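Asker: what shape does this take:
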Amino acid sequence: MTTPDFNTLLIERSLLEALSRMLSHDINGKVMGVEGILSCWESLGVETENLKEDISIVRDSFSSLKTEFLMLGWFFQAEPKHTQAISFAYFNDVAGRFLSRFFQPPSSFQLQSVAEGRSIYCTPYQLIFWTSSFCQVIGRYRPPGQLVELQIDTRTEGTELELRCRSEFLSELLDDTIPRPLGHLPPWENWLALFRTAGGSYRVDPGILLPITFTLPLSNPAPAS
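Answerer: Numbering: from 1, shown residues only. Purely as a prediction, here's the structure:
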């Protein structure tokens, strides 16, 4: 029997709680909005035939929930049988708004697009787990309002995830020449230790647009509970 990786379990639990809160917030907002629209129509005595023209308002208010439920479902697809080619363009559409909500205000996070047609070969769980946990941990400790730019990309072979980032806070955190007390950022240190255990590495290339690159091989499933 495989011994559970408690660092992974803790991060997964934290992520699921965050994603569930986000989804619940959206569901409540959409339901309240639709109820308001219907109450308004009712109070104004709107005729049934006129609803055909306005029904798209109701439909559009729920359309975004489809992709959000899909992303939450992806989180549980960790088994090797779920390995597939995942388009980054599609992933950005599905998860981009969720990732930005790990930052306040959400506009302080910018997800950069990649070249058309690029995809990565992995399980949906791997892509969701590493990108969401990365955004969660730096979103938690980033100075308020500081801009973070992120590009989710891959190497040519499509089996190595690359998180390319611009963040003043993260650049300083990764600078080994700056003395700091041990244990000052335990969740970040736990994430980085888990990332390294999974075979990940990082480099900092000052002077380029996105100077920080985290690279992680995804040819084999990432640690899972």
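
Asker: drop to CA atoms for contacts and neighbour counts, all remaining ones
Answerer: Noted.

Asker: after the least confident helix or strand in the chain by mean pLDDT comes which helix or strand?
Answerer: The weakest-scoring helix or strand in the chain, judged by mean pLDDT, DSSP states H and E, is helix 48-74 (a mean of 68). Sequence order places strand 84-87 as the next helix or strand after helix 48-74, per DSSP states H and E.

Asker: pLDDT weak spots in the chain?
Answerer: 1-4, 6, 24-25, 28-31, 33-35, 37-38, 41-42, 44-65, 180-185, 219-225 (pLDDT under 70).

Asker: where do the helices sit along the chain?
Answerer: With helices called from DSSP state H, the chain shows them at 6-44, 48-74, 88-100, 124-141, 168-173, 186-197.

Asker: put the alpha carbons of stretch 105-119 into PDB.
Answerer: Output in PDB follows, covering the C-alpha atoms of stretch 105-119 (Å, rounded to 0.1, in the frame of the first residue of the first chain):
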ATOM      1  CA  PRO A 105      -7.900  42.300  -7.200                       C
ATOM      2  CA  PRO A 106      -8.200  39.700  -9.900                       C
ATOM      3  CA  SER A 107      -6.900  42.300 -12.400                       C
ATOM      4  CA  SER A 108      -3.500  42.100 -10.700                       C
ATOM      5  CA  PHE A 109      -3.100  38.700 -12.400                       C
ATOM      6  CA  GLN A 110      -2.500  38.400 -16.100                       C
ATOM      7  CA  LEU A 111      -2.500  35.100 -17.900                       C
ATOM      8  CA  GLN A 112      -0.400  35.300 -21.100                       C
ATOM      9  CA  SER A 113      -1.400  33.300 -24.200                       C
ATOM     10  CA  VAL A 114       0.900  30.900 -26.000                       C
ATOM     11  CA  ALA A 115       1.500  30.100 -29.600                       C
ATOM     12  CA  GLU A 116      -1.600  28.700 -31.400                       C
ATOM     13  CA  GLY A 117      -1.900  25.000 -31.400                       C
ATOM     14  CA  ARG A 118       0.300  24.200 -28.500                       C
ATOM     15  CA  SER A 119      -0.800  21.500 -26.100                       C
END
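
Asker: how about residues contacting it?
Answerer: Contacts with stretch 105-119, where a contact means CA atoms under 8 Å, 6 or more residues apart in numbering, come from 85-89, 92, 96, 100, 103, 145-154, 158.

Asker: please report the distance of Leu150 from Arg203.
Answerer: 15 Å (CA to CA, to the nearest Å).

Asker: so which of those two has more stuff around it?
Answerer: Set Leu150 next to Arg203 and count neighbours by other CA atoms under 10 Å: Leu150 wins out with 21 against 12.

Asker: quick one: that one and Leu170 touch, right?
Answerer: No - here Leu150 lies out of contact with Leu170, judged by CA atoms under 8 Å, at a distance of 11.8 Å.

Asker: for stretch 175-186, measure first residue to last.
Answerer: First residue to last in stretch 175-186 (CA to CA) measures 17 Å.

Asker: same check, this time on stretch 114-128
Answerer: Termini of stretch 114-128 sit 17 Å apart (CA to CA).

Asker: how about it: buried residues?
Answerer: Within stretch 114-128, the residues that count as buried by 16 or more other CA atoms under 10 Å are 118-128.

Asker: show me which pair in those residues is furthest apart.
Answerer: Arg118 and Tyr125 (18.5 Å; CA to CA).
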